[in-house]
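Undergrad: give me a model of this one.
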Amino acid sequence: MNAIKWAGLILMGSGFFALVMYGVYNILKEMGSVDPVIFASAAAIFAGILILLISVIVERLREKEKIDEENLRT
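TA: Numbers count the residues shown, from 1 in each chain. I've put the predicted structure just below:
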């Protein structure tokens, strides 16, 4: 069951990432030419936010598993 949860989380995250990146691509295409430094900076900020969000989700899942194990012991 744990593998199914991870597969679902990975699929959901990659789908969300693909949709957001497609939206960013279309916005940048509409804007015309964007300075590559600004584009790289915006991409780095967005990637950082995604990495932090994923790390928080994984941490919460690990804490939940730890709490569930402690509840089973008592």
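
Undergrad: now the residue positioned nearest the centre of the chain: which helix or strand?
TA: Nearest to the mean C-alpha position of the chain, counting by C-alpha atoms, centre = their mean, stands Leu50 at 4.0 Å. For Leu50, the host element (DSSP states H and E) is helix 36-73.

Undergrad: for Ser33, same thing?
TA: Going by DSSP H and E, Ser33 is not in any helix or strand.

Undergrad: tell me how far it lies from Ala43.
TA: Relative to Ala43, Ser33 is positioned 16 Å away (C-beta to C-beta, to the nearest Å). Every residue, glycine included, has its C-beta placed from N, CA and C.

Undergrad: before we move on, what about Leu52?
TA: According to C-beta to C-beta, Leu52 stands 15 Å off from Ala43.

Undergrad: of these two, which one has the most company?
TA: Ala43 (13 against 10; other C-beta atoms under 10 Å).

Undergrad: rewinding a little: residues touching the residue nearest to the centre of the chain, list them.
TA: Each residue near Leu50 by C-beta atoms under 8 Å, 6 or more residues apart in numbering is listed here: Phe17.

Undergrad: perfect, that will be all.
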